[in-house]
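Colleague: give me coordinates for this.
(one chain, ligands or ions: 1)
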Amino acid sequence: MTGPDTVHARFRHAYPGFELDVDLTLPGTGITALFGHSGCGKTTLLRCMAGLQRAPGEMTVLGEPWQTAGFHKPVHQRALAYVFQETHLFPHLSVRRNLEFGYRRTPAGQRRIVFDDAVHWLGLEALLSRMPAGLSGGERQRVAIARALLTSPRLLLMDEPLSALDRASKQEILPYLERLKDTLAIPVVYVSHATAEVARLADHLVMMDRGRVVAQGPLQETLARTDPPFRLDDDAGVILEGRLRHLDEHWHLALFDFGQGQLWLRHEGPMRPGDRLRVQVLARDVSLALQEHRDQSIQNLLPARIERVETDVSPGTSLVRLRVGATPFLSRLTTRSVHQLGLRPGQGVWMQVKSVALVD
Ligand SMILES: Nc1ncnc2c1ncn2[C@@H]1O[C@H](COP(=O)(O)OP(=O)(O)OP(=O)(O)O)[C@@H](O)[C@H]1O
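Modeller: Coordinates of the predicted model:
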């Protein structure tokens, strides 16, 4: 399905020993994460979308054809920005001049992003007169992203933009990317290996395996899929979105409301009631009981219904897919427990959640 509010990409391309064959329709706003093991074809797909890699197929961006059976819009005529792991800033130009380079590339009548807005969104006010060599890795990447935005793209492609940064720089830049996600009204396709990054930023997820799309959809539903090859081994779990309802200062706990239920999490850092949060609940932190046991240490106890019981990565463990209202959860149990409790689809159970992590 393609339309004025979507990005449609359909490509086939072969390298020796590798074949890309995808047909994707992505939302026209928000961040779509392209996720998958090394070598599954993420960068090749991005290059096909950009037109840098010539491949038979189709590409339509918000109703505008970039590629059809008999037409290939030249790369330089596409309103497209590409942010890489390496920033490719001009070393001899100040931050301001680097940004102006992006800005001036777009004719005045086609500019949709104001210079000062991009500077503000990426927090670059104090860096404008600096030279790239004197910037930290995170600062350089912020400049590269602002420069890309100042070309007023209709599509932003980001290929592992944080992977060259250390943990501290990643933490520094993530809030800026989050802010952009809420401000920008264009589609962003974001390649990443890191589940934490995907969990924090993406709205939509595309999982790839050996050149094929194996799952795609809204982040929460797609991350919670249990059927191979989507399964995320140790990272299997779900992401919940909701609001902070209440802070219990005495016990240093925060009550998180995901619409269909509530969970306690540790009160960390600055938080205020009403704040929107994303939290991760890993399958290994969820256990199940047939009755409501209040006489145990786990604070988070929720009634749930079993949807499916699946074999796991090893035969000794099973993955149970559940729902609390409409919200999916996963629980990793030993296969012996599944048999002893007689767990089966449709059954009502009590879900005990040992730990809930704020996605940071
Ligand atoms: N120019 C090329 N010539 C031949 N084979 C290529 C070329 N570019 C990529 N490949 C192969 O195509 C496959 C997909 O590569 P691609 O870089 O798209 O994967 P990826 O998912 O982005 O990997 P990573 O996460 O490691 O960056 C790999 O097997 C790779 O070796």
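
Colleague: buried set for stretch 271-288?
Modeller: The neighbour-count criterion (16 or more other CB atoms under 10 Å) identifies Leu277, Arg278, Val279, Gln280, Val281, Leu282, Ala283, Arg284, Asp285, Val286, Ser287, Leu288 as the buried residues of stretch 271-288. Glycine gets a C-beta too; all of them are placed from N, C-alpha and C.

Colleague: pull the contacting residues for Thr288.
Modeller: Small correction: residue 288 is Leu, not Thr. Applying CB atoms under 8 Å, 6 or more residues apart in numbering to Leu288 gives the contacts Ala304, Val320, Leu322, Ser331, Leu333, Ser337, Leu341, Leu343, Val349, Trp350, Met351, Gln352.

Colleague: let's go with 6 Å and repeat that
Modeller: Contacts of Leu288 were listed using CB atoms under 6 Å, 6 or more residues apart in numbering, and they are Ser331, Val349.

Colleague: and Met207, by the same measure?
Modeller: Contacts for Met207 (CB under 6 Å, 6+ apart) come out as Phe35, Gly36, Val214, Ala215, Phe230.

Colleague: secondary structure class for the closest residue to it other than its chain neighbours?
Modeller: Leaving aside its sequence neighbours, Met207 sits nearest to Ala215 (CB to CB, 6 or more residues apart in numbering; 4.4 Å). Under the three-state scheme (DSSP: H, G, I helix; E, B strand; the rest coil), Ala215 adopts strand.

Colleague: thought Ala215 was touching Thr222?
Modeller: Yes. Assessed by CB atoms under 6 Å, Ala215 is found in contact with Thr222 at 5.3 Å.

Colleague: interface residues of the protein facing the ligand?
Modeller: Tyr15, Phe18, Gly36, Ser38, Gly39, Cys40, Gly41, Lys42, Thr43, Thr44 (CB under 6 Å from any ligand atom).

Colleague: what about the first one, distance to Leu155?
Modeller: In this case it means Tyr15. Separation of Tyr15 from Leu155 (CB to CB, to the nearest Å): 24 Å.

Colleague: more neighbours: which of those two?
Modeller: Leu155 (23 against 11; other CB atoms under 10 Å).

Colleague: next one: the more buried one from the ligand, what distance?
Modeller: 18 Å (CB to the nearest ligand atom, to the nearest Å).

Colleague: and that residue, what is it in contact with?
Modeller: Residues near Leu155 by CB under 6 Å, 6+ apart: Val61, Leu80, Pro187.

Colleague: who's it bridged to?
Modeller: The partner list for Leu155 in beta bridges (DSSP bridges) reads Leu80.

Colleague: what's the pLDDT at it?
Modeller: We note a pLDDT of 95 for Leu155 in this prediction.

Colleague: that one and Leu288, how far apart?
Modeller: 44 Å.

Colleague: can you check Phe256 too?
Modeller: Separation of Phe256 from Leu288 (CB to CB) stands at 21 Å.

Colleague: same check, this time on Leu253
Modeller: For Leu253, the distance to Leu288 - CB to CB - is 23 Å.

Colleague: tell me the helices in the stretch 251-360 of the chain, going along the chain?
Modeller: Taking DSSP state H, counting those that start in this stretch as the test, the helices found in the stretch 251-360 of the chain are 335-341.

Colleague: tally of neighbours for whichever residue of it sits closest to the ligand?
Modeller: Nearest to the ligand, among the residues of the stretch 251-360 of the chain, is Val313, at 21.0 Å (CB to the nearest ligand atom). A count of nearby residues for Val313, using other CB under 10 Å, gives 14.

Colleague: same check on the one 5 residues further on?
Modeller: Burial of Ser318, expressed as a neighbour count using other CB under 10 Å, amounts to 21.

Colleague: give the contact list for it.
Modeller: So Ser318 contacts Val309, Asp312, Leu333, Thr335, Val338 (CB under 6 Å, 6+ apart).

Colleague: Gln347 too?
Modeller: Ile306.

Colleague: try Ile298
Modeller: Per CB under 6 Å, 6+ apart, neighbours of Ile298: Gln352, Lys354.

Colleague: kindly format the C-alpha coordinates of stretch 48-56 as PDB.
Modeller: What follows is stretch 48-56, C-alpha atoms only, in PDB (Å, rounded to 0.1, in the frame of the first residue of the first chain):
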ATOM      1  CA  CYS A  48      18.900   1.600  -2.800                       C
ATOM      2  CA  MET A  49      16.400   4.000  -1.100                       C
ATOM      3  CA  ALA A  50      18.800   6.900  -1.600                       C
ATOM      4  CA  GLY A  51      19.500   5.900  -5.200                       C
ATOM      5  CA  LEU A  52      23.200   5.500  -4.500                       C
ATOM      6  CA  GLN A  53      22.900   1.800  -5.300                       C
ATOM      7  CA  ARG A  54      21.100   1.300  -8.600                       C
ATOM      8  CA  ALA A  55      18.700  -1.600  -8.200                       C
ATOM      9  CA  PRO A  56      15.500  -2.600 -10.000                       C
END
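
Colleague: in that stretch, what's buried?
Modeller: Residues of stretch 48-56 classed as buried: Cys48, Met49, Ala50, Gly51, Gln53, Ala55 (neighbour count, 16+ other CB under 10 Å).
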